[in-house]
Structures are given as structure tokens and as C-alpha cells.
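>>> give me a model of this one.
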Amino acid sequence: PNPGIPLGHQHKGLPSLRQLRGETGDVQDEVEETRAGAARQRWAAVPAKYRRPEIKLGKLGIDDFNFRAYNSTGFSGLENMMANSVVNAWLHTAFFLAPLRTHMLNQLSAKEVCLADELGFLFHMLLQSAGECCQATNFVRALSQLPEAARLDILDRGPGSA
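Have a look, this model is predicted:
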């Protein structure tokens, strides 16, 4: 079809209005170029120190990635490339509540599935990793086994869920 001509007026072999005007390229390409240019202008106003870094993962994914090159604070992060990573915000908040962190680090129960034990283990990993990325997989798995979590429907049950 000729995109520059209204439907019903298109004939095979006739050039489109864009071609008659000498315009080349696809409209979609022009839109994408305009958007990319606007994005570059927005990022140009942000100092390089605060820009979103371009992260390229190798064959092993995050296992061979150097997080220390992007994190000079010494605080550890949680991996967000898994299902239910929305829990990470709450886990970071809980980690920085000193009384809660101290209590969870000293918690140990005999139960097979205990959120307090898993939270204490995760807090221990965050303290020991010193700037490296940690996974909250065990905590999310324990949370998903609780009937209350299923009843409240707070976790994603799609493929790849912990």
C-alpha cells in the first residue's frame, strides 16, 4: 500500500505522496529518531555521574558482572531480574531498621519454613557481601509457602516465580 494516499485511492504502481515529495524512509523510523533525540536531550541535562549506566551482561548473566564498578557505596543490592522482585523495596527498608535487623539476625527457630529465619539469613548476606548483589530467592520462596500470602495474593504466580 501507499501510506501517503487515502484508502480507496491507492493504485498499484503509483508512487505515494511521500515519494512524490522526495521524502525517504519510513514514518516509524522518523518517529523513533525523534524520540531518541528527545531522550538524548533530556539525558544531556543530567550530569554523567547521575545518568543511568548502560549495563551489558556477559554469557553468565549477572554471575560474571562487576557490580563494584557501579556501586562505590559498600551497600549491597538485591537482584531484580527475578519474579517477585517488588519485594526488594520492602526488604531494603526492613534492613535499615536497626532494631528489626538486630532481632532478625539473632532469630533462629526450629520451623521448616520461617520468614524470620530467612529474613535473618538475607540480612546476614547483605551485611557480608559489602557492595555485591544478593538474591532474596529463599525469602520469597518461604513467603510464597505461607497460606496468608496466597490468600492476600501478594506474590506473582507466573512462570519463573520463586
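>>> state the mean pLDDT of stretch 138-157.
Averaging the model's pLDDT scores along stretch 138-157 yields 81.
>>> mind listing what Leu57 touches?
Contacts for Leu57 (Cβ atoms under 8 Å, 6 or more residues apart in numbering) come out as Phe65. (Glycine included, C-beta is placed from N, CA and C.)
>>> from Leu78, how far out is it?
Computed with Cβ to Cβ, to the nearest Å, the distance linking Leu57 and Leu78 is 17 Å.
>>> now do Leu155
Applying Cβ to Cβ, the value for Leu155 to Leu78 is 16 Å.
>>> cool, Ser85 as well?
Ser85 sits 7 Å away from Leu78, taking Cβ to Cβ as the criterion.
>>> go on, His124?
When distances are taken as Cβ to Cβ, His124 and Leu78 turn out to be 14 Å apart.
>>> compare these two (neighbour count), which wins?
A direct count of neighbours by other Cβ atoms under 10 Å for His124 and Leu78 places Leu78 higher, at 21 against 14.
>>> which residue, other than its chain neighbours, is closest to that one?
With Cβ to Cβ, 6 or more residues apart in numbering as the criterion, Leu78 has its nearest non-adjacent residue at 4.3 Å, and that residue is Asn88.
>>> that's a strand at the one you found, yeah?
No: per DSSP: H, G, I helix; E, B strand; the rest coil, Asn88 lies outside any strand segment and is helix.
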